[in-house]
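> next input, structure requested:
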Amino acid sequence: MTPRILLTACLLLSATAQAQDNCLEQNWQVFIDDAPIRMTFGPWLGADKQLAGRFLLNQHLDDNFLLPDPAGGWQAVNPDGVALGHLSLECGDDETLTGTWRTGDGRLTFPLKAEHSLGYYSLNASLIKNIAKGRKGGQPYDQVGVAVMPEARSIRLYGKAPAIVAINDAQHQAMLNYAEMALNCRAYAWLRDRTQQFAIPLYEDQLLLLTSDLAVIARHHPHACEEDYRFDDARTDILNLQTGAKVEILRWLSDPDAVIASQYEVQTEKASYAGTLSQLIWQAYRHPNPDCAAQVTFTLEQGLIYPAAQGLTFLPRARSGAKECIVPTTVPYRQLQPVLSVAGKQQVKAILAAPAD
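Residues are numbered from 1 along each chain as shown. This next block holds a predicted model:
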């Protein structure tokens, strides 16, 4: 064989292998001797991100893994590294696969066929389960979670009004999206470094206030899978139960553009800040560490202010090294009357008229 012919043959083989890899990088509904499994491939293995696969057995959502075999094909292992079998796969086109599954002991071989699938985990509302019942403002609600992931929790408001149904649906879909993302992250972590245990952090929606018109929900939503959840999304949503829209809490204040002064400014210029919102907030801020007051700032921002049963709660910001200084700071409604707008006073009146928890 001439060098030119040899080079051409090598290039053709390389192109064929690349085509096989490109075919595999998607979700598959697989049948091994008519037994269904779900399978997916992607560039996940090790620091150099080699192609690897994952698969689900018997409708369970615990990943098993497909690792490239130097001799060809794929070694199937469970999360403990125990060999489950060996796969050979061949692309028919971008929509189909054929091949064989050989059992881990090598005694049995079964035919394999697969077709493209839109989803892999395919989590749906049937996995949402009631955890407990609660009451806020004299009204009942449900605490719910995902059956396959105790770390994911949300709430279900009672009622059939379109706005309430939409609120519940959106919360539950967000929780399912998180559960799917967390399962993916756990699998990616295993393929990247099997020496470390990946702990799924808590995802939680917590109902803080419930009236006939408002629901105040604190949300702690971990995200950023690539960073192993080092960044969190913590916010508080105020929802209008008649429309489903978010309430613009700044409209409750007579001066929504006010700048909140530092504690030092309030203390050194008492006459200037007497009776202001700045003074009221710093009078209410409490932390056992006296140095914390200098480490936090308050701003009038949507998501950092929410109504509680007895007052408006303000959340400060802090540098990354002073997160322990962030504590919810509630100013009683009776003290806030001079700085509330007409709309704010009406909302507060309705909150105070609601039954106590």
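> contacts and neighbour counts: CA atoms only from here.
Fine.
> pick out the residue nearest the middle of this protein.
Centroid-nearest residue in the chain, with CA atoms, centre = their mean: Tyr178, separated by 3.6 Å.
> ok, then the element right after the helix or strand harbouring that residue?
According to DSSP states H and E, Tyr178 maps onto helix 162-192. Scanning forward in sequence from helix 162-192 by DSSP H and E, the next helix or strand is strand 203-210.
> tell me the angle that next one makes with helix 162-192.
Going by axes from the mean of the first three to the mean of the last three CA atoms, to 10 degrees, strand 203-210 is angled at 160 degrees with respect to helix 162-192.
> for strand 203-210, buried residues please.
By neighbour count on 16 or more other CA atoms under 10 Å, the buried set for strand 203-210 is 203-205, 207-210.
> which secondary structure elements does it contact?
On a contact count with 3 or more CA pairs under 8 Å, 6 or more residues apart in numbering; DSSP states H and E, strand 203-210 meets strand 128-136, strand 149-157, strand 214-223.
> okay if I get these as JSON lines plus mean pLDDT, distance to Gln263 and mean neighbour count?
Output for the helices and strands packed on strand 203-210, formatted as JSON lines (pLDDT from 0 to 100; distance: least, CA to CA, whole Å; neighbours: other CA atoms under 10 Å):
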{"stretch": "strand 128-136", "mean pLDDT": "96", "distance to Gln263": "34", "mean neighbour count": "15"}
{"stretch": "strand 149-157", "mean pLDDT": "96", "distance to Gln263": "36", "mean neighbour count": "20"}
{"stretch": "strand 214-223", "mean pLDDT": "89", "distance to Gln263": "26", "mean neighbour count": "20"}
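> could I get these as CSV with distance to Gln295?
Formatted as CSV, the helices and strands packed on strand 203-210 follow (distance: least, CA to CA, whole Å):
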stretch, distance to Gln295
strand 128-136, 34
strand 149-157, 31
strand 214-223, 22
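> so what are the domain limits for this protein?
Here the domain parsing of the chain from automatic domain parsing is 15-116, 125-240, 249-353.
> got the contact list for Phe41?
24-27, 51-54 (CA atoms under 8 Å, 6 or more residues apart in numbering).
> what's the closest non-adjacent residue to it?
Gly53 (4.1 Å; CA to CA, 6 or more residues apart in numbering).
> doesn't that neighbour fall inside a strand?
Yes: according to DSSP: H, G, I helix; E, B strand; the rest coil, Gly53 belongs to a strand.
> how many residues are close by it?
If you count neighbours by other CA atoms under 10 Å, Gly53 ends up with 27.
> wait, which of the helices and strands packed on strand 203-210 is closest to Asp33?
strand 149-157 (30.7 Å; CA to CA).
> just want the angle from that closest one to strand 128-136.
Using the same axes, to 10 degrees: strand 149-157 against strand 128-136 is 50 degrees.
> who does strand 149-157 pair up with?
strand 139-146 (antiparallel), strand 203-210 (parallel) (DSSP bridges).
> can you list those in CSV and add distance to Gly303 and mean pLDDT?
CSV is the format used below for the strands paired with strand 149-157 (distance: least, CA to CA, whole Å; pLDDT from 0 to 100):
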stretch, distance to Gly303, mean pLDDT
strand 139-146, 22, 97
strand 203-210, 14, 96
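> dump these into a markdown table; add distance to Ala258 as well.
As requested, the strands paired with strand 149-157 are exported to a markdown table (distance: least, CA to CA, whole Å):
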| stretch | distance to Ala258 |
| --- | --- |
| strand 139-146 | 35 |
| strand 203-210 | 26 |
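> select, out of these, the one closest to Arg38.
Nearest to Arg38, of the strands paired with strand 149-157 and by CA to CA, is strand 139-146 at 20.2 Å.
> quick one: buried residues of that closest one?
141-146.
> do stretch 77-85 as well
77-78, 83-85.
> closest one to Thr268 among the strands paired with strand 149-157?
strand 203-210 (35.1 Å).
> can you pull out the low-pLDDT segments for the stretch 151-300 of the chain?
223-233 (pLDDT under 70).
> can you rerun that using 80?
195-197, 223-234 (pLDDT under 80).
> hang on, the earlier thing: quick check, nearest of the buried residues of strand 139-146 to Ser126?
Val146 (9.0 Å).
> tell me who's in contact with that closest one.
127-129, 152-153, 175-176, 179.
> same check on Gly145?
Contacts of Gly145 (CA under 8 Å, 6+ apart): 128-131, 152-154.
> need the max-distance pair from these.
Maximum distance among those (CA to CA): 12.0 Å, for Asn130 and Ala152.
> can you classify Gln347 as helix, strand or coil?
Going by three-state DSSP: Gln347 is helix.
> excluding covalently adjacent residues, which one is nearest to it?
Closest to Gln347 by CA to CA, 6+ apart is Trp252, at 7.9 Å.
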